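>>> Provided below for reference: sequence and predicted model.
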Amino acid sequence: MDAIVWKSHQLDLLDQRQLPFSTTYLTCTTADSVAQAIRDMVVRGAPAIGVSAMYGLVLAIQNDPSRSSFERACQVLAAARPTAVNLFDAIQHMTSALQDWDWSQNPSERAEAIARAYHQDDLHKNYALAKWGAGFLPGIRRVLTHCNTGSLATSGFGTALGIVRQLHREKRLDQVFADETRPYLQGARLTQWECQQEKIPCTLVTDGMGGYLMSEGMVDCVIVGADRIAANGDTANKVGTFMLAMAANYHGIPFIVAAPSTTLDRATPSGAGIPIEQRPSSEITSVFGHPIVPADSAVFNPAFDITPGELVTAIVTEDGVFQPPYAFGK
Ligand code: MRU
């Protein structure tokens, strides 16, 4: 099931807030509504956010083919979520492609072609990186993963979950363990659902169980995605990733980051320069609208953490497998 469906003058987004209980699409016809959908987690996952933003820019141009409308849409979309660098890569990509455009001519068709190509390209990047990743992991049969990095988070196939899919296709996967991923439950709701669709053996665990699984010899490797990778390999990903990396390091288990090159932030030297999104406290204090903590509880809800590059065994992109010391800078 496609998470992002472009239909010439509208963008249909599979509403991931409703999964796994219902598969409904939310239709966006303006850049503002796409930005809102990104902010509200209708669509999430760094590559899927970037592709959706691309189509948001196309909608802005279709609705008002002027440079000022386009520039306003760039600003609105850029403000949707701060950490996933794919959002900014997409906006930059469209801006560069239209840089020399004569705005007295309507650029709608050109913008649509650029967005479609970007969408397709992300899919191809996923297939390529999945093959690189599977090839780098001989003998790996039991994988622990975090958050959702599959078709729902990308243009299809996935990044970390793409490698898992590839291992499964090659009949080299015994089990993937999916962290439930508090507070938004991307692992419990989305990864488990995606794996069930393809009959990939997936066992759900809570976020605190990774160290125990490793100590019991139940996982061979940890594979996660990324929202932004700094030039030195420091990686921002769903909060909880850093703890998994430390546990993997302690147990001598490979810790792999899988992402398309659009997730590399070559201009940011280290993780210290990566903005971390703070999400509403209600995501922690309630589950599906039901309060689960005493009223007025103090809450801290960073959506991501930074894993130092030195803890990352390998970073897999569509261009191949990179190992420390990382130097992605320009
Ligand atoms: O808050 P989310 O659900 O957008 O966070 C998603 C993640 O952290 C993913 O691991 C990351 O974006 C990679 S998706 C291929």
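Structure's in. What do you need?
>>> Kindly list the main-chain dihedrals of Phe322?
Backbone torsions for Phe322, taken as degrees, to the nearest 10, come to phi -110, psi 140.
>>> That one: neighbour count?
Neighbourhood size, Phe322 [other Cβ atoms under 10 Å]: 20. Yep, even glycine has a C-beta here, placed from its N, CA and C like the rest.
>>> For it, which non-adjacent residue is spatially closest?
When the adjacent residues along the chain are set aside, Phe322 lies closest to Ile315, with 4.6 Å between them (Cβ to Cβ, 6 or more residues apart in numbering).
>>> Near the ligand, which residues of the stretch 201-330 of the chain are found?
Within the stretch 201-330 of the chain, the residues that sit near the ligand (Cβ under 6 Å from any ligand atom) are 225-227, 237-238, 303.
>>> Just give me the neighbour total for the residue in the stretch 201-330 of the chain that the ligand sits nearest to.
Of all residues in the stretch 201-330 of the chain, Gly225 sits closest to the ligand, with a separation of 2.9 Å (Cβ to the nearest ligand atom). Counted by other Cβ under 10 Å, the residues lying close to Gly225 total 30.
>>> Please report how far it lies from Trp6.
23 Å (Cβ to Cβ, to the nearest Å).
>>> who's in contact with Ser104?
With contacts defined as Cβ atoms under 8 Å, 6 or more residues apart in numbering, Ser104 is in contact with no residue.
>>> Distance of it relative to the ligand?
To the ligand, Ser104 is 39 Å away according to Cβ to the nearest ligand atom, to the nearest Å.
>>> Within the helices and strands, which one has that residue?
Ser104 is part of no helix or strand when elements are defined by DSSP states H and E.
>>> circling back: isn't the residue of the stretch 201-330 of the chain closest to the ligand up against Ala153?
Yes. At 6.8 Å, Gly225 counts as touching Ala153 under the criterion of Cβ atoms under 8 Å.
>>> So Cys74 is in contact with Leu57, correct?
Yes. Shown here, Cys74 and Leu57 form a contact pair, counting by Cβ under 8 Å, at 6.9 Å.
>>> higher neighbour count, these two?
Leu57 (26 against 21).
>>> Point me to the helix or strand that includes the more buried one.
Here Leu57 sits within helix 46-63, counting by DSSP H and E.
>>> Tell me the buried residues in the longest helix seen in the chain?
Using DSSP state H, we find that the single longest helix of the chain is helix 108-136. Residues of helix 108-136 classed as buried: 110-112, 114-115, 118-119, 121-123, 125-126, 128-134, 136 (neighbour count, 16 or more other Cβ atoms under 10 Å).
>>> likewise stretch 207-219?
Quick answer for stretch 207-219 (16+ other Cβ under 10 Å): 207, 209-210, 213-214, 218-219.
>>> what's next to it, contact-wise?
142-144, 146, 177, 179-182, 205, 222, 240, 243-244, 247-248, 250-251, 253.
>>> Give me the ChimeraX select line for the residues you listed, limited to the buried ones.
Buried residues among those (16+ other Cβ under 10 Å), as a ChimeraX selection:
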select :142,143,144,146,177,179,180,181,182,205,222,240,243,244,247,248,251,253
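>>> Which members of the contacts of stretch 207-219 are positioned in helices?
Secondary structure defined by DSSP H assigns 243-244, 247-248, 250-251 of those to helices.
>>> Adding pLDDT, write these out as a markdown table.
Compiled in a markdown table, these are given as follows (pLDDT from 0 to 100):
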| residue | pLDDT |
| --- | --- |
| Met243 | 98 |
| Leu244 | 98 |
| Ala247 | 98 |
| Ala248 | 98 |
| Tyr250 | 98 |
| His251 | 98 |
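>>> what about stretch 252-266, start to end distance?
The first residue of stretch 252-266 is 29 Å away from its last residue (Cα to Cα, to the nearest Å).
>>> and it, average pLDDT?
Computed over stretch 252-266, the mean pLDDT rounds to 98.
>>> Now it: buried residues?
253-260, 262-265.
>>> hmm, back to that, which residues does the residue of the stretch 201-330 of the chain closest to the ligand contact?
45-46, 147, 149, 153, 158-161, 237-238, 257-259, 263.
>>> which residue packs closest to it, ignoring adjacent ones?
Of all residues not flanking Gly225 in the chain, Thr149 sits nearest, at 3.5 Å (Cβ to Cβ, 6+ apart).
>>> so what are the domain limits for the chain?
4-123, 132-322 (automatic domain parsing).
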